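**Q** All I have is the shape, not the residue letters:
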DNA sequence: GGATATAGTGCACACGTTTGCGCTTATTCA
DNA sequence: TGAATAAGCGCAAACGTGTGCACTATATCC
């Protein structure tokens, strides 16, 4: 490998000078700079990032923990899209992204600690979907730069990027109400996710604002596995007074719900309306195109990376909690062409 | 940050000894090892990987280039699943995964060169879906360890992990033939992808083995965007002698095709059968569950990472080109309950 | 024309780790 | 019992880069 010394020797200057050339130090003559740069180009020199980091204490790298497969939330395109946003932004700022994972959930803290203590990354992106997270505490104690994608009740002040999921669910529910529905159910995801709690809260809020009531039987929670949504339907529809519309936690579940309903002989949206979240690209291609709240996953990742870089470089942030906009994408599954229901 | 020297000072030994303790050097007394390890534990010591890499010339890191957004192939769960496989394996071997990307396709070589020349990673995973790739040449010249996920006509000898896509397409087509179909069409993906070419070849092979013929109009190629599959259908079905079954390049396209057909009044599978590839989790939840060839994406990533680590550590590989099995998942979209067609 | 500022460069040390070699002390062997 | 061997550890150099300080040569000032 060609080092700074090799360049120095050929150019007839000291290694220090070469180092200053690469970092565009002002006190280097134009002449020298040109000569050195030419030689670097010719020899295909690239600085050894390890050596650089060792002295500069900065790695030009962002860290992120890949969620465990167990979290079915990430079996769909969610994580890929998020990552695209993160990496795209990071790259454009000259940073790379380091991914690691764990085999046991209990090892998560260890993995993070390794990155932090080993000075492997300049900052960490946290996908803290769960309600309680020891990692946040650890990072705060160590004053290590990090950004939370999501929200934490336990630590409300940390840097975070999120949608207003309460509002989003409220909007979705209101949309159904405007369509004339009065009996609206909610099919939620895993209840230990903050986002699941938020969406449920938004649902309740919208109902009470409209003076509508709900029932415990109308609210159910399924795993993120698609079939669950499907299975959930058979019992659900046997209720004496069943909902005429459903808010569903995620498109993947909605797919299962839609299929389950169809199989049971119900028509969407004539018999029952549907609206969901995350706007999976396939949602518009479902047998009945599924209405969905687009939360801008890519943008979420992009913004998170941007904030983290600012924080890692010690730059001030306009505000600590960024809320990104969501967008209601209304499709056939929630458009009630026939008549208003009572 | 606590360094090896801090530990040494407290333990009353030399830094060398501490270093040997962490690497389990045989010539360290049990007593010393225990004492040093206790102190490391207490102070939360983690080795600085930059310093370590600097002398050991190894980074314990794998590199991968995130495909550009332009490659719609990766808008679905594909990349996420692949990454999960890669990172899981890498982590279990003590490696992390570094992701980088580019803003222009022409920068890809530069990005790779930066990783290689800057000694940022020990090996590189290539998602070379395209037919020609200058990166492969570069890595070969520099004798840098890398593994290709996919196949290269240009460089057939490089380390690679792939399915037998020709055989997979053959299997899919044969399945339709066994169902009694004689007019079988093919909806392909972007034609500059090796995998698209392979699947088309397998399709042709199966037909000619069964003495069946096809027509140019039966074969069409769409982008990976789902609507394309949808749009493609309107013209397609107006052919005088149209196929009674379709092989589709990817589930996302199949979703569009399925929806297009339904909208045009055709029933799947009664009027036209469908089989596709990649076995997207949502495929079984389509209005008509879509038959698909499962290519084991996670396993692909896992195996690729495994091979790369072997290569990076100079260990011999049993064979250079690994072919992973695929699996036909037959669902309703290709089961012909009514009658055989002529 | 001497003092002072300024541009341009080199020296030497630092970053945290690994590792070959050499030094002690204890053990084994004939 | 003396020599050879082995166990356990420290010294010092090295990895490639950044940077404070010092040094020289030139330009500027009064």
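**A** On my side now, so go ahead. Remember, it's a predicted structure, so these values are computed and weren't measured experimentally.
**Q** all strands of chain A, in order?
**A** Here chain A has its strands, by DSSP state E, at A:61-65, A:96-100, A:123-126, A:146-149, A:160-163, A:184-188, A:219-221, A:245-248, A:273-277, A:291-294, A:321-324, A:327-329.
**Q** Go through those strands and name the closest to chain B.
**A** The minimum distance between chain B and the strands of chain A falls on strand A:96-100, with 4.6 Å, by C-beta to the nearest C-beta. C-beta coordinates here come from the backbone N, C-alpha and C atoms, glycine included.
**Q** what's in contact with that closest one?
**A** Strand A:96-100 is contacted from outside by A:60-66, A:83, A:86-87, A:90, A:111, A:114-115, A:120-121, B:61, B:83, B:87, B:91, B:96-100, B:120, using C-beta atoms under 8 Å, 6 or more residues apart in numbering or on different chains.
**Q** TSV for the strands of chain A, including mean pLDDT and distance to residue B:105?
**A** Converted to TSV, the strands of chain A look like this (pLDDT from 0 to 100; distance: least, C-beta to C-beta, whole Å):
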stretch	mean pLDDT	distance to residue B:105
strand A:61-65	96	23
strand A:96-100	96	19
strand A:123-126	96	26
strand A:146-149	96	28
strand A:160-163	96	29
strand A:184-188	95	42
strand A:219-221	89	44
strand A:245-248	96	38
strand A:273-277	97	33
strand A:291-294	98	28
strand A:321-324	96	29
strand A:327-329	98	30
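**Q** Nearest to residue B:44, out of the ones you listed?
**A** Within these, the stretch nearest residue B:44 is strand A:123-126; the backing value is 16.4 Å (C-beta to C-beta).
**Q** How about residue A:48: what's its closest non-neighbour residue?
**A** Spatial nearest neighbour of residue A:48, excluding adjacent residues (C-beta to C-beta, 6 or more residues apart in numbering or on different chains): residue B:119 at 5.5 Å.
**Q** just residue A:59 next, same as before
**A** In space, residue A:59 is closest to residue A:53, 4.7 Å off (C-beta to C-beta, 6+ apart).
**Q** again, but for residue A:188
**A** Nearest to residue A:188 is residue A:221, by C-beta to C-beta, 6+ apart, at 4.3 Å.
**Q** Looks like the one you found contacts residue A:185 (just checking).
**A** No: the criterion here is C-beta atoms under 8 Å, and residue A:221 misses it with residue A:185 at 11.7 Å.
**Q** Smallest distance to DNA strand D belongs to which residue of the stretch 51-200 of chain A?
**A** residue A:51 (3.4 Å; C-beta to the nearest atom of the strand).
**Q** Which residue lies nearest the spatial centre of chain A?
**A** Nearest residue to the geometric centre of chain A (C-alpha atoms, centre = their mean): residue A:82, 5.1 Å.
**Q** Please report how far the closest residue to residue A:135 other than its chain neighbours lies from residue B:36.
**A** Closest residue to residue A:135 apart from its sequence neighbours, by C-beta to C-beta, 6+ apart: residue A:112 at 5.3 Å. Applying C-beta to C-beta, to the nearest Å, the value for residue A:112 to residue B:36 is 24 Å.
**Q** same thing with residue A:245?
**A** For residue A:245, the distance to residue B:36 - C-beta to C-beta - is 65 Å.
**Q** I'd say the residue nearest to residue A:48 and residue B:50 touch.
**A** No: with contact defined as C-beta under 8 Å, residue B:119 does not reach residue B:50; the gap is 11.1 Å.
**Q** list the contacts for residue A:146?
**A** Here residue A:146 is in contact with A:123, A:124, A:125, A:126, A:136, A:139, A:158, A:159, A:308, A:311 (criterion: C-beta under 8 Å, 6+ apart).
**Q** So which of those wins on neighbours?
**A** Of all the contacts of residue A:146, residue A:308 has the most neighbours under the rule other C-beta atoms under 10 Å in any protein chain shown, reaching 31 neighbours.
**Q** Just list the residues touching the residue of the stretch 201-342 of chain A found nearest DNA strand C, thanks.
**A** When distances are taken as C-beta to the nearest atom of the strand, the stretch 201-342 of chain A reaches nearest to DNA strand C at residue A:312, 18.2 Å away. Residue A:312 makes contact with A:62, A:122, A:123, A:145, according to C-beta under 8 Å, 6+ apart.
**Q** Check it and give its pLDDT.
**A** With respect to pLDDT, residue A:312 scores 95.
**Q** How about residue A:228?
**A** Residue A:228 is given a pLDDT of 61.
**Q** Common neighbours of residue B:119 and residue B:50, please.
**A** With C-beta under 8 Å, 6+ apart as the test, residue B:119 and residue B:50 both reach residue A:50.
**Q** out of the two, which sits in the more crowded spot?
**A** residue B:50 (23 against 20).
**Q** Now do the same contact list for that one.
**A** A:50, A:51, A:53, A:54, A:59, A:119, A:120.
**Q** What segments of the stretch 51-200 of chain A are helices?
**A** A:78-92, A:108-117, A:134-141, A:165-178, A:194-209 (DSSP state H, counting those that start in this stretch).
**Q** Kindly apply the preceding question to the stretch 201-342 of chain A instead.
**A** A:226-236, A:251-263, A:297-312.
**Q** Comparing those, which comes out most buried?
**A** Ranked by mean neighbour count under mean count of other C-beta atoms under 10 Å in any protein chain shown, these are led by helix A:251-263, which reaches a mean of 25.
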